[in-house]
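Visitor: next comes the sequence, and after it the predicted model I'd like to discuss.
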Amino acid sequence: MQYLIDASVYVFRAYYSMPDDMVDRDGNPVNALYGFCRFLGDFVERVKPDHLAVCFDESLATSFRNDIYPQYKANRDPAPEDLERQFHQCRRYTRSMGIMELASPVYEADDLIGTLVEHGRRQGRPSTIVSRDKDLAQLLGRQDVFWDFSGRGKIYYDQVSEVFGVRPEQIADFLALAGDAVDNIPGVPGVGKKTAAALLDHFGSLDEIYSNLDRVHEVTVRGAKTLGGKLERHTDDAMIARKLTGIACDAPIDDPEPLLRPANPRLGDVNALFDEADIGTALRRQAERVADVIVDRGL
């Protein structure tokens with residue numbers, strides 16, 4: 001099993017849940033750094049993963065999706081300067097612990113995770129995706145796991161439809177139809193979540209829906225008689241949205257196999273980071289324990 005962590009979820013969680021009076025000697029907040037380091041340390045101590053990668057988002061405005069739809073994520077404010085600073089520190093911590101760390105100005109963390117999922121499949125190795133972002137559940141095969149580490153726990157392939165309303169392979173189509181306000185994806189005007197789920201339950205996929213617009217009236221949803229025409233008028237909207245909601249699994253990552261095995265923790269670099277951030281003994285001791293886990297397992 002390989003474990004693929006959607007880091008931004010846990011950095012943001014720490015930033016907004018931990019006291020903002022946690023600062024270094026220059027008054028810079030370190031709450032996100034502290035919380036993320038604690039999360040990652042807890043994770044490695046608990047799971048002792050043989051294969052692990054931590055993937056970060058690098059930019060809100062330079063993803064290949066912005067080339068397709070310039071308004072993609074345009075509703076989001078840029079990260080505060082103090083949070084952006086801590087993102088870089090979190091990446092530095094991850095690398096110093098000898099854990100594979102990935103980010104790209106073109107591909108989002110979701111795409112990097114998707115690419116590693118596909119790599120694992122070629123190696124015959126399933127993946128556990130550690131995140132709270134339902135979009136990533138579209139990557140699940142029957143051997144894979146979606147793990148909301150700090151929330152609802154593990155979700156397996158056969159449980160996805162119960163939790164998210166559609167099967168894993170339908171999630172991107174579902175979001176293309178219903179839209180995704182979080183990412184500023186409009187979808188098809190007038191098609192909500194219930195209608196999108198009903199359409200996919202009846203036809204199976206977005207392509208099949210559009211291949212059978214003359215049968216859309218058969219779906220037992222409100223407004224079914226006019227739904228086919230609405231979908232037809234907004235064909236381009238749906239197809240553009242589908243390009244945005246699907247996770248790319250072909251990001252250009254050099255052979256990740258050797259880097260997926262945590263190795264060579266550099267505690268000197270970790271302590272240098274903690275010195276700069278005025279972080280005390282608790283996290284340093286945890287970093288030592290995590291390093292021992294990695295070394296003892298020969299990772």
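Guide: Okay, I see it. Quick caveat: nothing in here was measured; it's all calculated off a predicted structure.
Visitor: name the residues that touch the helix or strand encompassing residue 147?
Guide: Using DSSP states H and E, residue 147 maps to strand 145-148. Applying CB atoms under 8 Å, 6 or more residues apart in numbering, the contact partners of strand 145-148 are 1, 126-132, 136-137, 140, 153-156, 160. To be clear about C-beta, it is placed using only N, CA and C from the backbone, and glycine gets the same treatment.
Visitor: which of those residues has the most neighbours?
Guide: Counting neighbours by other CB atoms under 10 Å, the top entry in the contacts of strand 145-148 is residue 130, with 28 neighbours.
Visitor: hmm, residue 6 and that residue touching each other?
Guide: Yes - using CB atoms under 8 Å, residue 130 is in contact with residue 6, at 6.4 Å.
Visitor: kindly export stretch 250-267 (C-alpha atoms) in PDB.
Guide: Provided in PDB are the C-alpha atoms of stretch 250-267 (Å, rounded to 0.1, in the frame of the first residue of the first chain):
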ATOM      1  CA  ASP A 250      -0.300  11.900 -16.400                       C
ATOM      2  CA  ALA A 251       1.700  14.700 -14.700                       C
ATOM      3  CA  PRO A 252       5.300  14.700 -15.700                       C
ATOM      4  CA  ILE A 253       6.900  13.100 -12.600                       C
ATOM      5  CA  ASP A 254      10.300  11.500 -13.000                       C
ATOM      6  CA  ASP A 255      10.500   7.800 -11.900                       C
ATOM      7  CA  PRO A 256       8.900   8.200  -8.400                       C
ATOM      8  CA  GLU A 257       9.600   4.600  -7.200                       C
ATOM      9  CA  PRO A 258      12.800   5.200  -5.300                       C
ATOM     10  CA  LEU A 259      11.500   8.400  -3.800                       C
ATOM     11  CA  LEU A 260       8.300   6.900  -2.500                       C
ATOM     12  CA  ARG A 261      10.200   5.100   0.200                       C
ATOM     13  CA  PRO A 262      11.000   7.500   3.100                       C
ATOM     14  CA  ALA A 263      14.700   7.600   3.700                       C
ATOM     15  CA  ASN A 264      17.600   9.600   5.200                       C
ATOM     16  CA  PRO A 265      15.900  12.000   7.600                       C
ATOM     17  CA  ARG A 266      18.000  15.100   8.200                       C
ATOM     18  CA  LEU A 267      17.300  16.000  11.700                       C
END
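Visitor: what does that stretch rub up against?
Guide: The contact list for stretch 250-267, computed with CB under 8 Å, 6+ apart, reads 2, 44, 49-53, 96-100, 102, 104, 106-107, 111-112, 114-116, 118-119, 123, 287-288, 290-291, 294-295, 299.
Visitor: show the buried residues in these.
Guide: Using 16 or more other CB atoms under 10 Å as the burial test, those include 2, 44, 49, 51-53, 96-100, 102, 104, 106-107, 111-112, 114-116, 119, 287, 290-291, 294, 299 as buried.
Visitor: which of those fall in helices?
Guide: With helices defined by DSSP state H, the entries of the buried ones among the contacts of stretch 250-267 inside them are 44, 96, 111, 112, 114, 115, 116, 119, 287, 290, 291, 294.
Visitor: of those residues, closest to residue 65?
Guide: Within those, the smallest distance to residue 65 is 9.3 Å, found for residue 111 (CB to CB).
Visitor: and the gap between that closest one and residue 102?
Guide: From residue 111 across to residue 102, the span is 10 Å (CB to CB, to the nearest Å).
Visitor: cool, and residue 246?
Guide: 19 Å.
Visitor: for residue 18, same thing?
Guide: Counting by CB to CB, the gap from residue 18 to residue 102 is 25 Å.
Visitor: OK, contacts around the closest residue to residue 125 other than its chain neighbours?
Guide: Using CB to CB, 6 or more residues apart in numbering and skipping residues adjacent in sequence, the residue nearest residue 125 is residue 2, 5.4 Å away. The contact partners of residue 2, taken as CB under 8 Å, 6+ apart, are 49, 50, 51, 52, 53, 116, 120, 125, 126, 127, 128, 260.
Visitor: all strands of the chain, in order?
Guide: Secondary structure of the chain (DSSP state E): strands at 2-6, 51-55, 100-102, 127-130, 145-148, 153-156.
Visitor: as CSV, these with distance to residue 279 and mean pLDDT would be great.
Guide: Formatted as CSV, the strands of the chain follow (distance: least, CB to CB, whole Å; pLDDT from 0 to 100):
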stretch, distance to residue 279, mean pLDDT
strand 2-6, 21, 98
strand 51-55, 19, 97
strand 100-102, 19, 97
strand 127-130, 23, 98
strand 145-148, 27, 95
strand 153-156, 29, 94
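Visitor: mind checking pLDDT for the spatially closest residue to residue 175 that is not a sequence neighbour?
Guide: The shortest distance from residue 175 to any non-neighbouring residue, by CB to CB, 6+ apart, is to residue 245 (4.0 Å). In this model, residue 245 is scored at 96, pLDDT.
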